[in-house]
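# sequence below, structure please.
(one chain, ligands or ions: 4)
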Amino acid sequence: MKDFHNSPIISTSSINTVSNDIDNTTLKDANDATTESGVGSKTSRGTSTSDCVSKSNNTLKVIGQLQNMSTADVVSVCANCGKEGDDVKNVCNKCNQVKYCNAACKKKHRHKHKKDCEEHLRLAAEQTAKLHDEKLFKKPPSQYGDCPICFLRIPTLASGRSYNSCCGQIMCTGCIYGIRSKNTDALCPFCRTPYRKSEEELAEREKKRIENNDLIAIYNSGCNYRDGNPGYPQSYTKALELLSMLELFHRVVELGNAKPNHREGQSGHIDACSGIGYAYEHGRGVEVDKIKATYYYELAAMAGNVQARHNLGINEENVGNMDRAVKHYMIAAGSGDDDSLMIIKDLYSKGDATKEDYTKALQSYQAYLGEIKSDQRDEAAAFTEQYRYY
Ligand SMILES: [Zn+2]
Ligand SMILES: [Zn+2]
Ligand SMILES: [Zn+2]
Ligand SMILES: [Zn+2]
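Numbering: from 1, shown residues only. Ligands and ions are numbered 1, 2, ... in the order given. A predicted model of the protein is given here:
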């Protein structure tokens, strides 16, 4: 059973993967694309302007009329002298909300407009923050998706899943146990390769997978450098180089110029975002940069990474934003993070979270357990602690 390699990432941050993960991430992209082209079904809760495209023709008409009206109303009146016309197009370059016929009018009006201008800016910032939070606190997809063998959700806990260094597939450890306990010479169910016999063979296989741009293999390797695992001289710089590389891959994918060469790739990328966030938060191989740390944590958390979600909760709690902290912990608990559940319990006992918060967190953690529990996984976990899955 040693033949399966539990990716080191898993233990420190979180790994993810398997079919649905990618599907989830791609799904997200696909949704965006659909919204833009106005074809798809309305799955998103948000009400961006592009959502309007998929609304009925009648709605479209009304929206069109409203837009025309407001354009006619707003356009081309000098806020200073009241002059109207197409040549009134000198816009306040701070708020972009008022127009002037020329620079002189703009200058004259500056003092009067100052307060309004600040208000416009404040409202715009508020709206941006609101939209951001809607996305941030939306229930994320399961980072690991379903096991391709038993079709049950892959557990969040590292020991509940494993990465096949032969072909890069991820499956649950219940299925590994199921396959290998019956036949110790069993082949990989995906690529029919015999399982590796030694650490050297594992390192060799991982090297090959890195050459093939396997994002999980690259990420694992980054983690090995970060943690100074056997065969990897400890180096934060080297680790970050590798982790950042994943981020680059992702950007390339987003731009549509390339695709990771197998479905598991996306999960490697999500873990990498979490890892980069951690590096920025703790200054591992880079200068500490809390803003960048939050940026990467949020990317990872929105894609379902539980570790990043948990860390966001901790950071909010540390600066006293209990509401936001509880929201993060709640999502993490619903994705199987019992640490977050315990924190909510603790916050409840201190009066920083409500009884309802704690009850809800408990319920969503139970719902998660309902999704991942199986007899085979229980059997595997009873056989060895290495296969414990919750
Ligand atoms: Zn004017
Ligand atoms: Zn202004
Ligand atoms: Zn399975
Ligand atoms: Zn394989």
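# please count neighbours and contacts with C-alpha atoms only from this point.
Fine.
# which residues in the stretch 51-200 of the chain form strands?
Remark: strands assigned in the stretch 51-200 of the chain by DSSP state E, counting those that start in this stretch are 90-91, 99-100, 161-163, 170-172.
# now the third one: mean pLDDT?
Just to be clear, that refers to strand 161-163. Throughout strand 161-163, pLDDT has a mean value of 91.
# what do you get for the second one?
Confidence over strand 99-100 (mean pLDDT, whole number) is 94.
# cool, and the first one?
Taken as a whole, strand 90-91 has a mean pLDDT of 94.
# and that strand, how far from the chain's centre?
Centroid separation between strand 90-91 and its chain, computed with Cα atoms, centre = their mean, to the nearest Å, is 39 Å.
# tell me which element the closest residue to ligand 2 within the stretch 151-300 of the chain falls in.
Nearest to ligand 2 in the stretch 151-300 of the chain, going by Cα to the ion, is Ile291, at a distance of 27.5 Å. Here Ile291 sits within helix 290-302, counting by DSSP states H and E.
# in that helix, which residues are buried?
The neighbour-count criterion (16 or more other Cα atoms under 10 Å) identifies 290, 292-302 as the buried residues of helix 290-302.
# repeat for stretch 338-354
338, 340-345, 347-348, 352-354.
# which ones are touching Cys150?
Cys175 (Cα atoms under 8 Å, 6 or more residues apart in numbering).
# follow-up on the earlier one: turn the buried residues of stretch 338-354 into JSON lines, columns for secondary structure.
Output for the buried residues of stretch 338-354, formatted as JSON lines (DSSP: H, G, I helix; E, B strand; the rest coil):
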{"residue": "Asp338", "secondary structure": "helix"}
{"residue": "Ser340", "secondary structure": "helix"}
{"residue": "Leu341", "secondary structure": "helix"}
{"residue": "Met342", "secondary structure": "helix"}
{"residue": "Ile343", "secondary structure": "helix"}
{"residue": "Ile344", "secondary structure": "helix"}
{"residue": "Lys345", "secondary structure": "helix"}
{"residue": "Leu347", "secondary structure": "helix"}
{"residue": "Tyr348", "secondary structure": "helix"}
{"residue": "Asp352", "secondary structure": "coil"}
{"residue": "Ala353", "secondary structure": "coil"}
{"residue": "Thr354", "secondary structure": "coil"}
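# just so I know, which of the strands of the stretch 51-200 of the chain lies nearest ligand 3?
strand 170-172 (4.2 Å).
# which neighbouring elements make contact with that closest one?
Counting contacts by 3 or more Cα pairs under 8 Å, 6 or more residues apart in numbering; DSSP states H and E, strand 170-172 packs against strand 161-163.
# show me what the strand it packs on is packed up against.
On a contact count with 3+ Cα pairs under 8 Å, 6+ apart, strand 161-163 meets strand 170-172.
# do the strand it packs on and ligand 3 meet at all?
Yes - against ligand 3, strand 170-172 shows contacts by Cα under 5 Å from the ion at Cys172.
# partner strands of that strand, with direction?
strand 161-163 (antiparallel) (DSSP bridges).
# so how far is the strand it pairs with off the chain centroid?
20 Å.
# with stretch 110-129 instead?
Distance, centroid of stretch 110-129 to centroid of chain: 31 Å (Cα atoms, centre = their mean).
# now swap in stretch 104-122 and tell me
Relative to where its chain is centred, stretch 104-122 has its mean C-alpha point 39 Å off (Cα atoms, centre = their mean).
# and that stretch, which residues are buried?
105-106, 109, 113, 117, 120-121.
# so of these, which ones are in helices?
If you go by DSSP state H, these have 105-106, 109, 113, 117, 120-121 in helices.
# contacts with ligand 1 among those residues, please.
Near ligand 1, by the rule Cα under 5 Å from the ion, you find Cys105 out of these.
# ok, the residue of the stretch 151-300 of the chain closest to ligand 2 to Tyr297 distance?
10 Å (Cα to Cα, to the nearest Å).
# repeat for Ala361
Note on Ala361: its distance to Tyr297, by Cα to Cα, is 21 Å.
# what parts of the protein come near ligand 4?
Residues of the chain lying near ligand 4 (Cα under 5 Å from the ion): 166-167, 188, 190-191.
# which of the residues you listed are buried, as a PyMOL select command?
In PyMOL syntax, the buried subset of these is picked out as below (16+ other Cα under 10 Å):
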select buried, resi 166+167+188
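# His328: which of the residues of the chain next to ligand 4 is nearest?
Set against His328, the nearest of the residues of the chain next to ligand 4 by Cα to Cα is Cys167 (34.3 Å).
# now do the same for the closest one: its pLDDT.
91.
# now do the contacts for the closest residue in space to Cys81 that isn't next to it in sequence.
Of all residues not flanking Cys81 in the chain, Cys105 sits nearest, at 7.0 Å (Cα to Cα, 6 or more residues apart in numbering). Shown in contact with Cys105 (Cα under 8 Å, 6+ apart): 78, 80-81.
# out of the residues you listed, who's near ligand 1?
Among the contacts of Cys105, ligand 1 is touched by 78, 81 when using Cα under 5 Å from the ion.
# can I get the contacts of Cys105 in a markdown table with pLDDT?
Shown next, in a markdown table, are the contacts of Cys105 (pLDDT from 0 to 100):
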| residue | pLDDT |
| --- | --- |
| Cys78 | 95 |
| Asn80 | 95 |
| Cys81 | 95 |
